[in-house]
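Q: Got a sequence here, can you model it:
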Amino acid sequence: MSTEEVVEAGHQDGPAWKIVAHCATYDEADQKRLEFAMEESLQVKVHWQGKADNRYFAVKTRVDPDIAKRDEKKRRKAKLSKKRRKK
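A: I've put the predicted structure just below:
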């Protein structure tokens with residue numbers, strides 16, 4: 001019997017989710033979700049939330065973490081090259 005060591009990478013949070021719509025029913029929220037899901041760079045979800053006396057379905061979106069990471073690298077690289085040019 002072999003023992004394997006499981007190495008878990010630390011969890012890194014992605015971009016924050018933003019609420020883009022409040023809906024009374026799931027069907028309404030699902031329609032909004034489908035509209036936003038057409039964009040490839042967005043992740044969309046429907047979340048049931050609110051206080052017990054005021055519940056609603058929230059449609060949340062965020063930029064895809066993989067795309068956000070690539071954009072961040074491009075910005076950093078551009079910033080570094082800009083600094084280098086200024087001598």
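Q: all helices of the chain, in order?
A: Counting by DSSP state H, the chain has helices at residues 26-36, 65-85.
Q: so for the longest one, what's the average pLDDT?
A: To tie it back to what came earlier, the one meant is helix 65-85. The pLDDT scores in helix 65-85 average 70.
Q: for the helices of the chain, which one ends up most surrounded?
A: For the helices of the chain, the largest average neighbour count (mean count of other C-beta atoms under 10 Å) is found in helix 26-36, namely a mean of 15. For glycine as for every other residue, the C-beta is placed from the backbone atoms N, C-alpha and C.
Q: what's the neighbour count on Val46?
A: 17 (other C-beta atoms under 10 Å).
Q: Could you measure from the closest residue to it other than its chain neighbours over to Ile19?
A: Take Val46 and drop its neighbours on the chain: the residue closest to it by C-beta to C-beta, 6 or more residues apart in numbering is Ala29, 4.5 Å away. Ala29 sits 11 Å away from Ile19, going by C-beta to C-beta, to the nearest Å.
Q: Quick check: neighbours shared by these two?
A: Common contacts of Ala29 and Ile19 (C-beta atoms under 8 Å, 6 or more residues apart in numbering): Ala58, Val59.
Q: mean confidence score for stretch 27-45?
A: Computed over stretch 27-45, the average pLDDT equals 91.
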